[in-house]
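Enquirer: starting from these lines, generate the structure:
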Amino acid sequence: QVQLVESGGGLVQTGGSLRLSCAASGRTFSSIAMGWSRQAPGKEREFVAAITRSGDTTYYADSVKGRFTISRDNAKNTVYLQMNSLRPEDTAVYYCNADKSPPRIATMRSAYWGQGTQVTVSS
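Expert: Reported below is the predicted structural model:
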């Protein structure tokens, strides 16, 4: 089992930045791939970003490429999502998730999910 707890969400203006954090426990952190997904009101949950167990490879949805950066600190059992140049369409609940591999994360088949943190971008 893996427990995931997100933090760092909030209200920001268009063009602003936020950094989300996700603390993991319950399993060797370096043995699992990590990712972020989001769900906007009235929409399905969608993939945002993923990172391999070692952190050497990252993956992004086209909608956030060049603006968001996923990273991880295996010594702190934490994964981050740095979000820059935020837009109103980035408004959503952001979920940290974990699984064996980034492809499973990218196709929304993660075994473990956090409770989510709200990000609101005002225009």
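
Enquirer: quick one, helices of this protein?
Expert: With helices called from DSSP state H, the chain shows them at 102-106.

Enquirer: what's the helix or strand bottoming out on mean pLDDT in it in contact with?
Expert: Ranked by mean pLDDT, DSSP states H and E, the weakest helix or strand in the chain is helix 102-106, scoring a mean of 89. Residues from elsewhere that reach helix 102-106, judged by Cβ atoms under 8 Å, 6 or more residues apart in numbering: 33-35, 37, 47, 50-52, 57, 59, 97-99, 110-111. For the C-beta atoms, the positions are set from N, CA and C on the backbone; glycine is no exception.

Enquirer: you'd agree residue 2 is up against residue 32?
Expert: Yes. The criterion here is Cβ atoms under 8 Å, and residue 2 meets it with residue 32 at 6.6 Å.

Enquirer: list the residues that contact both of these two?
Expert: 24, 98, 112.

Enquirer: now the residues you listed in a markdown table, with distance to residue 120, neighbour count and pLDDT?
Expert: Output for the shared contacts of residue 2 and residue 32, formatted as a markdown table (distance: Cβ to Cβ, whole Å; neighbours: other Cβ atoms under 10 Å; pLDDT from 0 to 100):
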| residue | distance to residue 120 | neighbour count | pLDDT |
| --- | --- | --- | --- |
| 24 | 25 | 23 | 95 |
| 98 | 25 | 26 | 96 |
| 112 | 25 | 17 | 94 |
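
Enquirer: and which of those is nearest residue 41?
Expert: residue 112 (24.1 Å; Cβ to Cβ).

Enquirer: quick one: residues contacting the closest one.
Expert: 1-4, 32, 97-99.
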